[in-house]
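**Student:** Please work out how this folds:
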Amino acid sequence: MTLEQLRIFIAVAEREHVTQASRDLNLTQSATSAAVSTLEDRHQAKLFDRIGRRIVLTEAGKIFLSEARAVVARAQAAESVLADLSGLKRGKLTIAASQTVANYWLPQHIQRFQKHHPGITVTMTIGNTATVTSAIHDGAADLGLIEGDVDDPSLTISAIAEDEILIVVAPDHPWASQIPNPKRDFQQACWVLREPGSGTRAIFEAALPALGVDKASLDIVLELPSNESVRAAVQAGAGVTAMSRLVVANALAAGTLRSVKIALPPRQFFLLAHKERYQARAAQEFRHMVTELSAADNRAERQLR
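**Tutor:** Coordinates of the predicted model:
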């Protein structure tokens, strides 16, 4: 049984005339009659009585007409859903993002996207770089946004924004007024860092050899699972940390943290997608929008510098 057969049956039943139904459907009369006959023969059910030049529904035909209309209506509804999805009138987008990106960079882009596409439901999960990468592998998220380096041939990895890592301390810490010598002073400091797997920590540790520091020599007194807990601990005097400028901007402006004058290499924010998984239209549009807007923001920032 096909949708085309059902549509033909409905047209004939509503008009009670094969020739008129054929004309309205732009089919030959023989094709219309054959479709009805096929339904009747295959299921051994008589759907029409032929009375003179007219045809009328049998009792079985009347019952079947209700079901046929319901099936065709559902098919039309399914077509409408696909049209809405392709037109971004409805849909769902799942994003996995690492903490710095999720809390300090991504919200403005989600707001812009939803302003243009209010029918798309956006869901975001937050983890570190390792868990975000895993979510893209497993299909738990359509797109991932991270601040750590990933080398994975199964993913498309696009740099979309640049971030600055700062070494920060509490205002009463000696480094707040005196620039430390990394080779000598880093191993004597108490460090408060994010957990292993964090993009921020990975970028910081990757920068240490250029400063003449072995990461194994650091005295890590606290490993904490969130940017906020690290920032609060350092503000309370627990030690020294390396964090994104996005995370500490307000604390620096308020004077509750101080930036140490040691330059670390900038890092990139990356957008991840799986090469072999289908990308829904909503994911494609978000990816395009965030890439274009980020490029514009980066150009504007370079001009200000």
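
**Student:** Excluding chain neighbours, what is closest to the residue minimising distance to the centre of the chain?
**Tutor:** When the chain is reduced to its mean C-alpha position, the nearest residue by Cα atoms, centre = their mean turns out to be Ile95, at 3.1 Å. Of all residues not flanking Ile95 in the chain, Met124 sits nearest, at 4.8 Å (Cβ to Cβ, 6 or more residues apart in numbering). Where you see a C-beta, it was placed from the backbone N, CA and C, and this is true even at glycine.

**Student:** So the residue nearest to the centre of the chain belongs to a strand, correct?
**Tutor:** Yes: applying DSSP: H, G, I helix; E, B strand; the rest coil, one finds Ile95 inside a strand.

**Student:** Go ahead and confirm it touches Ile126.
**Tutor:** No: applying Cβ atoms under 8 Å, one finds Ile95 not in contact with Ile126, separated by 9.6 Å.

**Student:** picking up where we left off before, helices or strands next to whichever strand or helix holds the residue nearest to Ile95 in the packing?
**Tutor:** Taking DSSP states H and E as the definition, one finds Met124 inside strand 120-127. Judged by 3 or more Cβ pairs under 8 Å, 6 or more residues apart in numbering; DSSP states H and E, strand 120-127 is in contact with strand 91-98, helix 106-116.

**Student:** Output these as JSON lines; include the columns mean pLDDT and distance to Ala206.
**Tutor:** Listed next are the helices and strands packed on strand 120-127 as JSON lines, based on pLDDT from 0 to 100; distance: least, Cβ to Cβ, whole Å:
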{"stretch": "strand 91-98", "mean pLDDT": "91", "distance to Ala206": "16"}
{"stretch": "helix 106-116", "mean pLDDT": "93", "distance to Ala206": "23"}
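
**Student:** Go through these and pick out the most buried.
**Tutor:** For these, the largest average neighbour count (mean count of other Cβ atoms under 10 Å) is found in strand 91-98, namely a mean of 23.

**Student:** partner strands of that strand, parallel or antiparallel?
**Tutor:** Applying DSSP bridges to the sheet, strand 91-98 is found paired with strand 120-127 (parallel), strand 143-146 (parallel).

**Student:** tilt between it and helix 106-116?
**Tutor:** Orientation check (axes from the mean of the first three to the mean of the last three Cα atoms, to 10 degrees): strand 91-98 against helix 106-116 gives 170 degrees.

**Student:** about what we covered before: got the contact list for the residue nearest to the centre of the chain?
**Tutor:** Residues near Ile95 by Cβ atoms under 8 Å, 6 or more residues apart in numbering: 106, 110, 122-125, 141-145, 286.

**Student:** buried subset of the residues you listed?
**Tutor:** 106, 110, 122, 124, 141-145, 286 (16 or more other Cβ atoms under 10 Å).

**Student:** Turn those into CSV, columns for distance to Leu85.
**Tutor:** Converted to CSV, the buried ones among the contacts of Ile95 look like this (distance: Cβ to Cβ, whole Å):
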residue, distance to Leu85
Leu106, 23
Ile110, 19
Val122, 15
Met124, 20
Ala141, 18
Asp142, 13
Leu143, 17
Gly144, 22
Leu145, 23
Phe286, 14
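
**Student:** which residues of the stretch 201-305 of the chain score low on pLDDT?
**Tutor:** Where the stretch 201-305 of the chain drops to pLDDT under 70, the residues are 294-305.

**Student:** what sits against the residue nearest to Ile95?
**Tutor:** 94-97, 102, 106, 110.

**Student:** Repeat the analysis, applying 7 Å as the threshold.
**Tutor:** Taking Cβ atoms under 7 Å, 6 or more residues apart in numbering, we find Met124 in contact with 95, 97, 102.

**Student:** Put together TSV for these, with distance to Gln188 on each row.
**Tutor:** As requested, the contacts of Met124 are exported to TSV (distance: Cβ to Cβ, whole Å):
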residue	distance to Gln188
Ile95	41
Ala97	35
Ala102	34
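
**Student:** re the thing from before, which one of the helices and strands packed on strand 120-127 lies nearest to Val132?
**Tutor:** strand 91-98 (4.4 Å; Cβ to Cβ).
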